[in-house]
Structure formats: C-alpha cells, structure tokens
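Engineer: next come a sequence and a model predicted from it.
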Amino acid sequence: LFICNLCCFLQKSNSIIHTDRFYTEKKKISATSLFFESMPYKVNPETGLIDYDELRQTALRFKPKLIIAGVSCYSRHLDYGKFRSICDEVGAYLMADMAHISGLVAAGVVPSPFPYAHIVTTTTHKSLRGPRAAMIFYRIGIEKKLPTGVEVKYDFKSKIDQAVFPGLQGGPHENAIAGLLNMQGKVW
C-alpha cells in the first residue's frame, strides 16, 4: 500500500519527508530509501512533540514532493492543518497514514486527516477489525486554478489504479472482499 502510493506520485530519486521513528541514517533498510530521497521530521526530545517549525524549515530546504503524516509511532494527535500548510507552501502532496487509528477516526474520537490530506491510507485489520487488506482514499475534482483561469484537476485515480494493479499487486481474493464488505457495514 505504502509503496503503491509512492509510485503514484514520485519518480525515482524524488524526495519525501516522513517521521523519523523507523529511520536509519546510514543504512537503507526499505524500498522507500532505495528508490527515493528521504528526510525524517523529528520530535522535540524534551517535549516529545513534533516540531512543526523545524518540519517547515526542513521542507523549505529539502523541497519534498510528498510529506507523510503518520501516527504509528507517535502517540499524540497530529495537526493535519499544519502539515497541509507546509505542503502548500513547498508544493508537496500530503499523505496521511491512519492505519493505527482508523477505527478511532471512524468513531470521531481523534482528528480526521480527510479535510487536509491529498491521500489517506489505512489498513483494515488493525483497528477496523477486518481481514488483512488496505484502503486508499484520494481527492477528486479541482486541484487548483491557473492564473489563466484554466482549472487543473487531481489525477490520482489512474495513477493509483495503475500502481496497485497491475503494478504491485495481483488479482483479488473474493473471500477477503466479502470480509471487507462485512467490516464496512459494521464500521461506517
């Protein structure tokens, strides 16, 4: 799921900014670091909070194509509005990974990334009690209006479709699809 999304937006050696919790500075341990330039954003060691000012400065210097807001190793609420503001300033897309909190988002007890993120991803087996699968949500409609008045539309659908299948995944499993339908009926 994660690599599918990166393949949609990035060319080899484009840059991304992500949380530093699984970052190994001298060792490339994932496909992400093999294909893309990655730079972590950090938490303040004294407060344990994301330093959004430092994130902004890093983004201004690094000029990422994508900033990832993920909570798998951050036990506080993310300020998706600040993430989006930084993305808009540097011309990056915002991808929110809510795999660990999607059940809480669905219940309305934690802030939702949907008003801010260009792309939202989640798994279905962590907090949504479904089978092992994933979901990708993306914006549609008008992305921006050029000074000439021409409207530019988001073009995520075809890119995501191609990255998922035939790009990185094979055919569907009908048993998993049935389980996902059951989960959707109970969660949403």
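Structural biologist: Nice, thanks for sending it over. Numbers count the residues shown, from 1 in each chain.
Engineer: top helix in the chain by residue count?
Structural biologist: In terms of residue count, the longest helix belonging to the chain (DSSP state H) is helix 174-187.
Engineer: quick one: the helices in this protein?
Structural biologist: 2-9, 31-35, 52-62, 80-90, 102-107, 156-162, 174-187.
Engineer: what residue of the chain is the furthest out?
Structural biologist: No residue in the chain sits farther from the centre than Thr148, which is 30.9 Å out by Cα atoms, centre = their mean.
Engineer: next, count neighbours for the spatially closest residue to Gly171 that is not a sequence neighbour.
Structural biologist: Distances taken as Cβ to Cβ, 6 or more residues apart in numbering put Phe165 closest to Gly171, at 7.8 Å, once the chain neighbours are dropped. Quick note: C-beta positions are derived from backbone N, CA and C, even for glycine. The number of residues packed near Phe165 is 13, by other Cβ atoms under 10 Å.
Engineer: before we move on, what about Glu54?
Structural biologist: Neighbours of Glu54 (other Cβ under 10 Å): 13.
Engineer: state the distance from the nearest residue to it once chain neighbours are set aside to Thr121.
Structural biologist: Counting by Cβ to Cβ, 6+ apart, Lys42 is the residue found nearest to Glu54 once chain neighbours are left out, at 6.7 Å. Distance of Lys42 to Thr121, computed by Cβ to Cβ, to the nearest Å: 22 Å.
Engineer: ok so, going back, out of the helices of the chain, which gets nearest to Pro115?
Structural biologist: helix 80-90 (7.3 Å; Cβ to Cβ).
Engineer: what mean pLDDT does the closest one have?
Structural biologist: Helix 80-90 shows a mean pLDDT of 97.
Engineer: which residues does that helix contact?
Structural biologist: By Cβ atoms under 8 Å, 6 or more residues apart in numbering, the list of residues contacting helix 80-90 from outside reads 52, 55-56, 59-60, 63-64, 67, 69, 92-94, 96, 111-113, 115-118.
Engineer: from those residues, which would you call buried?
Structural biologist: 52, 55-56, 59, 64, 67, 69, 92-94, 96, 111-113, 116-118 (16 or more other Cβ atoms under 10 Å).
Engineer: the closest residue to Leu104 other than its chain neighbours: neighbouring residues, count only.
Structural biologist: Spatially, and ignoring its direct neighbours in sequence, Leu104 is nearest to Val110 (4.3 Å; Cβ to Cβ, 6+ apart). For Val110, the count of nearby residues is 16 (other Cβ under 10 Å).
Engineer: quick check: closest non-adjacent residue to Thr123.
Structural biologist: Closest to Thr123 by Cβ to Cβ, 6+ apart is Ala99, at 4.3 Å.
Engineer: how close does the one you found get to Met183?
Structural biologist: 14 Å.
Engineer: neighbour count winner among the two?
Structural biologist: More crowded of Ala99 and Met183, by other Cβ under 10 Å: Ala99, with 21 against 17.
Engineer: OK, contacts around the more buried one?
Structural biologist: Counted by Cβ under 8 Å, 6+ apart, Ala99 has contacts Ser72, Thr121, Thr122, Thr123, Lys126, Ala134.
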